[in-house]
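Visitor: Predicted model and sequence follow; I will ask about them next.
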6 protein chains.
Amino acid sequence: MELAKIVEILEEIAPPELAEDFDEGRIGLILDLENDVQKIAVALDANAYVLEKAAEIRADLLITHHTLIFRPVNIIPKPLATSLRLALENGISLYSMHTNYDRAKGGVNDVLAARLGLRDIEDVEIGRIGKVDPCSSAELAARVSECLKTPVMYAGEKEGIKRVMVFGGSGFRNEYIQIARERGAEAFVSSELKHDVLRSNGDLCLIDATHYATENPGMEALCPRLRELLGLEVEFIEQPSGLKAITWG
Amino acid sequence: MELAKIVEILEEIAPPELAEDFDEGRIGLILDLENDVQKIAVALDANAYVLEKAAEIRADLLITHHTLIFRPVNIIPKPLATSLRLALENGISLYSMHTNYDRAKGGVNDVLAARLGLRDIEDVEIGRIGKVDPCSSAELAARVSECLKTPVMYAGEKEGIKRVMVFGGSGFRNEYIQIARERGAEAFVSSELKHDVLRSNGDLCLIDATHYATENPGMEALCPRLRELLGLEVEFIEQPSGLKAITWG
Amino acid sequence: MELAKIVEILEEIAPPELAEDFDEGRIGLILDLENDVQKIAVALDANAYVLEKAAEIRADLLITHHTLIFRPVNIIPKPLATSLRLALENGISLYSMHTNYDRAKGGVNDVLAARLGLRDIEDVEIGRIGKVDPCSSAELAARVSECLKTPVMYAGEKEGIKRVMVFGGSGFRNEYIQIARERGAEAFVSSELKHDVLRSNGDLCLIDATHYATENPGMEALCPRLRELLGLEVEFIEQPSGLKAITWG
Amino acid sequence: MELAKIVEILEEIAPPELAEDFDEGRIGLILDLENDVQKIAVALDANAYVLEKAAEIRADLLITHHTLIFRPVNIIPKPLATSLRLALENGISLYSMHTNYDRAKGGVNDVLAARLGLRDIEDVEIGRIGKVDPCSSAELAARVSECLKTPVMYAGEKEGIKRVMVFGGSGFRNEYIQIARERGAEAFVSSELKHDVLRSNGDLCLIDATHYATENPGMEALCPRLRELLGLEVEFIEQPSGLKAITWG
Amino acid sequence: MELAKIVEILEEIAPPELAEDFDEGRIGLILDLENDVQKIAVALDANAYVLEKAAEIRADLLITHHTLIFRPVNIIPKPLATSLRLALENGISLYSMHTNYDRAKGGVNDVLAARLGLRDIEDVEIGRIGKVDPCSSAELAARVSECLKTPVMYAGEKEGIKRVMVFGGSGFRNEYIQIARERGAEAFVSSELKHDVLRSNGDLCLIDATHYATENPGMEALCPRLRELLGLEVEFIEQPSGLKAITWG
Amino acid sequence: MELAKIVEILEEIAPPELAEDFDEGRIGLILDLENDVQKIAVALDANAYVLEKAAEIRADLLITHHTLIFRPVNIIPKPLATSLRLALENGISLYSMHTNYDRAKGGVNDVLAARLGLRDIEDVEIGRIGKVDPCSSAELAARVSECLKTPVMYAGEKEGIKRVMVFGGSGFRNEYIQIARERGAEAFVSSELKHDVLRSNGDLCLIDATHYATENPGMEALCPRLRELLGLEVEFIEQPSGLKAITWG
């Protein structure tokens, strides 16, 4: 199938205009080989590990959440050269859907909310809010850990949590926490919780379920959709974060 | 004792010129009441909780690692007003030492290295590198957790780790990881590990011991030094992060 | 009365969207104590003198023309600390209406035009233009001095002045003088006349009636309006400029 | 005499490197006709009035304090065209000395201090500080008015003023007022006093003696120096400000 | 005729809003003497040579393609002074039409296309595309040389060229070459061909017919139009580029 | 030979610190494969044509004057992908020396001056000035054409030219022409002569000998030097500009 045709369908799934402003240059065809595509690989990141796997399975297109070149370059260091060589030698075009797919219907956050079993899900900016059966912070954190198969860090002991906001990736920013509070959420599941955000949080239960575990399901869920829409082979490439937790106290 | 005189001694302990450029406006006398100081409070953050405690113990000066107003303001919202009122009503001047104290002799990173029992400690930029008895990633992470009394997240399974770099606060940046590698460290203890840094890391053992637990000891250790140097009452105000970990797999 | 409710009415009197772009961060609730308001103080400036008076009369809200913090700060020097302490200790929220109130119906410039007895008043940008009985520059300047109870400096001797433009505050900019000329004004009453503007003026009679005297009436006139609209105690705090003139030649 | 040679001597009188940064493009040969100079005109401003007079007296060079083109242009409107035509048709080169001549030995501020009869004069940045016989604010203001033949506005009633800072032109900025205070001045003579400076002043006597009257003497005093140094005809072109004061109260 | 009236008609011929953004300050009345115009001169450039000729023929207005002051100035060096003096002494207002006249109906590019005998001309951005009888690159280049009476440099040997894009002035930019390609042109006539554009060109025949020769005809053609529209004397001032080519190989 | 070792020698030939500021990111190892180098290719440009030739001759390193990626990118379009694939698949590292090699001893401009047979060569900024036997513009242009084997465009008819400035690449900027004039050159050989430079030139003979023909010799001359210094195979890849001139008049 023509690459251009696939791009059209990818833009229906994750319309580029949904992306945040800072994603300029990081959305869409990042490496355009104008090739004919028989097989698609999907993964969270576009790095050497993933590209090697994509080459092994003879993919012609790799779709990722995170782009290959984050900041524009005119000098290509060794690690980037390695990734680029894998893509170019094996004829793998690269396509990236990032905050546009976070926000899109059926995207990262919808999948995350579904995985955690939230009910009556509402859109809030990029994230989602839904209901859970009343539980404590510890119970909710344990459930998130189970559902996403990930170690977890959390803060803010509460009882009777009924509304939860989720935001795949690094969503612990004051503006989003403010939204969670305004929309009546008692807990917020996201990742990369920073000290100053934790300190100014106040009363919410904040559950850091790692960047990987909150975003990877959304990319995995893309595969069956693409198979159906395109009638092509689509394979997911897993690359776990390897993070482990040690409890204390 | 005159505030100005105390400031002189604080500047000897943490010379302002050691601070990073981005710390402009966040170092030194953040709130200058030009008052006479009988009692000093020390803490990690300058927030309402800490200021209330400082008022309770009748401190005239609060020394913190993180400043009160991070980005310049000309509108004062309620939470800042609350903190400011506590300081102004109770006559508490505020002094902040941040990256200058991270880098200083006897500062945040020297204290952190000592707490972890590192030997033959060397300065590397803001951080420190030292030796440990050969151990695995899991063993080192467990030891860090014990020494700093904190839950921990880590990645990168290794055996025979002999050199460790430490960096209190959010030190997991590619430039610092590069330094760790160049200086022969096999493990890096810091906090706020982000996905893209983890992904491009390669081979190091990265131990995220939380922002709080890696910086708080440095502030606590300031107290006995100030008591001796100033002959004044100096009290440490503890405000634990409340973070808890859940293991998985 | 709830502060939020009062703000609604203040925004009807001086809609924030009427403010000039440079006023960003200087309009509206400058210090938001979210308090219940029984008594309101009004003044031209938000400085220590005014705040002391506001505390004496037990005001819960101070409304001023000029804001407390002109340029954003993250270090609070002694003079600002003094003003802030007065506001915070005495529970006085601060609200600022500046160029929005200059431009608003019934605002600074409408009051100024009325004080000077102008007739058939028209809006011109922020300022106003109106008619007077034919008079010379000296006569008009004397009248302005009388009406506004202020010393005056003027330049441009003319006879038979019939149309006058007024602009409270520092309105002597070339763009406004150009407007005055195009709209047929023969005299312009404002303040802070600078040398280069005077030199390039040409033929207009320019009357510098001081910043204070051209703006203060507008703030004073706010008091009866607020009393009626809110049914609360509203008191004006006077702080004259203290300027005196010496004639020569 | 060659223009280039005259420029050398002008640069000794007012070295360009003494100018403030904002004066870039406004110092030195503003219009360079590379002509032979027999007669020099000196004035405060380079405008059409002055250029007409300079043409009448057949000057080949006009030296002014304020430049002809303040902000860079690539479109020449009528008023500038008029001034330029006068200079070009009559072969008048233009030379501007501004903040460099304010600061220079024997420049604007030295002349101003001498005119006011100050004793034991010291340099402070661009300005000067000197002693007077003890007097009140009103007495000092009256004396300034007499010496500079100008109407005056002043604020800050004091007795026993013994030290006075002077600054020709618009010197009422907080940084200079701070210098005045630190250097023990009780009064400050300058011009273009703005409301916010007046309000935050505190205790100094501030005397606004107009931009014209504080700078013009310095330009006039340049004439005899140039006659002596160059042996050429040098004529001063007077253009009074026309300002008049009206007292009140 | 009033200058203002002539400007109206010039703005109909070349509406200022058609100009590129970078032309801000370089379009319209560059020197406005508000004079009465009896005779108009037209030329490509507004330099001393042209202004001298314009003065000789007693023109009151000079219309050029390139403005007098390209980058804004506040210091006037000798060469600019010479040009300005010629304009001011001889009462010659200056009017510039640049990229607005390139793009306008009947402007630089329409005239250029007509001179080269293109057929079925279409607008493409600023340039034009039209048909020619099939010819080789060498034949087309020779024809361009003949038609525009200019030496020529060209690259890209092709046969059977049928569609040609033209762009008066320096039009060899990648974006325009891309347009030429997309619109089916096989040759592109413009000027100031740079190495990097030539290198990335690929397959087009690029004919550099000099900046002068591609734009001058458009200015010359303005003369009869103005004569008819204004009923005034209009004279064209020729200033050939003097460029000569040497062939090789 | 190790790439790092070759880089050391290249930096002696063309020290990076000699480069102009705008060359940041365009100098040195543009694509670093950290490979072992047996054969080196040298060329003017790093484009697909050259890289294909470099691959054919099995070069491990390509040294060029112009870099591969001029402006930083984070999206890789097809043409860049093609070039990158050629380099990466064939294991060809890329090294660029630009304005540093223009300025360096024995670099582009020294080679150019020697090719034209200049005598008593002096450095002037990046360019060179030297003597020739007295000749006319036409004679000098013909000689340049012969020596560099290139068509030429020139302007400015002169007789008795004795001093010539050369500047490989696009050196016709007003600042360099000014240097040529000040240093007594009567002719200037460079390329990419633009209309506004030609118009303001005045009296110099300007010879545009194309970007390619003025820089290519310098790159070619690098080959024997590298062979000697490194003892490796070094091959030059020629890619003529294809430019042809047509004379007129």
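Guide: That came in fine, so what should we check first?

Visitor: where along chain A do the helices fall?
Guide: Taking DSSP state H, the helices of chain A run over residues A:3-13, A:48-56, A:78-89, A:99-103, A:108-115, A:137-148, A:174-182, A:195-199, A:211-220, A:222-230.

Visitor: With mean neighbour count and distance to C:His98 added, can I get these in CSV?
Guide: In short, each C-beta sits where N, CA and C put it, glycine included. Formatted as CSV, the helices of chain A follow (neighbours: other CB atoms under 10 Å in any protein chain shown; distance: least, CB to CB, whole Å):
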stretch, mean neighbour count, distance to C:His98
helix A:3-13, 16, 46
helix A:48-56, 19, 55
helix A:78-89, 19, 51
helix A:99-103, 24, 37
helix A:108-115, 24, 42
helix A:137-148, 20, 46
helix A:174-182, 16, 27
helix A:195-199, 18, 32
helix A:211-220, 24, 44
helix A:222-230, 15, 52
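
Visitor: Reformat the ones you listed into TSV and put mean pLDDT and distance to chain D next to each item.
Guide: TSV is the format used below for the helices of chain A (pLDDT from 0 to 100; distance: least, CB to the nearest CB, whole Å):
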stretch	mean pLDDT	distance to chain D
helix A:3-13	97	44
helix A:48-56	98	50
helix A:78-89	96	42
helix A:99-103	98	42
helix A:108-115	98	49
helix A:137-148	98	50
helix A:174-182	95	32
helix A:195-199	95	33
helix A:211-220	98	46
helix A:222-230	98	55
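
Visitor: got CSV for those helices, with distance to D:Glu157 too?
Guide: As requested, those are arranged in CSV below (distance: least, CB to CB, whole Å):
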stretch, distance to D:Glu157
helix A:3-13, 74
helix A:48-56, 78
helix A:78-89, 72
helix A:99-103, 63
helix A:108-115, 68
helix A:137-148, 66
helix A:174-182, 50
helix A:195-199, 50
helix A:211-220, 67
helix A:222-230, 78
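
Visitor: so which of the ones you listed comes closest to D:Glu175?
Guide: helix A:195-199 (33.6 Å; CB to CB).

Visitor: That closest one close to chain C?
Guide: No - applying CB under 8 Å from any CB of the partner chain, one finds helix A:195-199 separated from chain C by no less than 13.9 Å.

Visitor: Touching that helix from outside, list them.
Guide: Residues outside helix A:195-199 that contact it (CB atoms under 8 Å, 6 or more residues apart in numbering or on different chains): A:155, A:172-174, A:177, A:206, B:45, B:47, B:66, B:70, B:169-170, B:191-192, B:210-212, B:241, B:243.

Visitor: Filter those down to the buried ones.
Guide: Buried by 16 or more other CB atoms under 10 Å in any protein chain shown: A:155, A:172, A:177, A:206, B:45, B:47, B:66, B:169-170, B:191-192, B:210-212, B:241, B:243, out of these.

Visitor: For the closest residue to A:Ala221 other than its chain neighbours, give its distance to A:Lys131.
Guide: Ranked by CB to CB, 6 or more residues apart in numbering or on different chains and with sequence neighbours excluded, the top spatial neighbour of A:Ala221 is A:Val111, at 4.5 Å. From A:Val111 across to A:Lys131, the span is 18 Å (CB to CB, to the nearest Å).

Visitor: tell me, what residue is most central in chain A?
Guide: By CA atoms, centre = their mean, chain A has its centre lying nearest to A:Glu215, at 2.7 Å.

Visitor: could you point out the longest strand in chain A?
Guide: strand A:127-135 (DSSP state E).

Visitor: now for that strand, which elements pack on it?
Guide: Where contact means 3 or more CB pairs under 8 Å, 6 or more residues apart in numbering or on different chains; DSSP states H and E, strand A:127-135 is packed against helix A:108-115, strand A:119-124, strand A:161-166, helix A:174-182.

Visitor: Now with 10 Å, please.
Guide: Applying 3 or more CB pairs under 10 Å, 6 or more residues apart in numbering or on different chains; DSSP states H and E, we find strand A:127-135 packed against helix A:108-115, strand A:119-124, helix A:137-148, strand A:161-166, helix A:174-182, strand A:187-190.

Visitor: Format these as a markdown table; extra columns: distance to E:Lys53.
Guide: Output for the helices and strands packed on strand A:127-135, formatted as a markdown table (distance: least, CB to CB, whole Å):
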| stretch | distance to E:Lys53 |
| --- | --- |
| helix A:108-115 | 70 |
| strand A:119-124 | 70 |
| helix A:137-148 | 81 |
| strand A:161-166 | 75 |
| helix A:174-182 | 65 |
| strand A:187-190 | 73 |
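
Visitor: Out of those, flag the one nearest A:Tyr95.
Guide: With respect to A:Tyr95, and counting by CB to CB, the nearest of the helices and strands packed on strand A:127-135 is helix A:108-115 at 15.5 Å.

Visitor: I figured A:Ile126 was touching A:Val108, is that so?
Guide: Yes - with contact defined as CB atoms under 10 Å, A:Ile126 counts as touching A:Val108 (8.6 Å).

Visitor: Find residues that contact each of these two.
Guide: Taking CB atoms under 10 Å, 6 or more residues apart in numbering or on different chains as the contact rule, A:Ile126 and A:Val108 both touch A:99, A:102, A:167-169.

Visitor: Make a markdown table from these and add distance to F:Asn201 to it.
Guide: Converted to a markdown table, those look like this (distance: CB to CB, whole Å):
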| residue | distance to F:Asn201 |
| --- | --- |
| A:Thr99 | 53 |
| A:Asp102 | 58 |
| A:Phe167 | 63 |
| A:Gly168 | 62 |
| A:Gly169 | 59 |
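
Visitor: Which single one of those residues is nearest to E:Ile161?
Guide: Distance to E:Ile161, by CB to CB, is smallest for A:Thr99 among these, at 47.2 Å.

Visitor: what's the neighbour count on A:Ile207?
Guide: Around A:Ile207 there are 28 other residues, counting by other CB atoms under 10 Å in any protein chain shown.

Visitor: coming back round to it: strand partners of the longest strand of chain A, parallel vs antiparallel please.
Guide: Strand A:127-135 sits in its sheet next to strand A:119-124 (antiparallel), strand A:161-166 (antiparallel), going by DSSP bridges.

Visitor: Could you figure out how far it is turned away from helix A:174-182?
Guide: 50 degrees (axes from the mean of the first three to the mean of the last three CA atoms, to 10 degrees).
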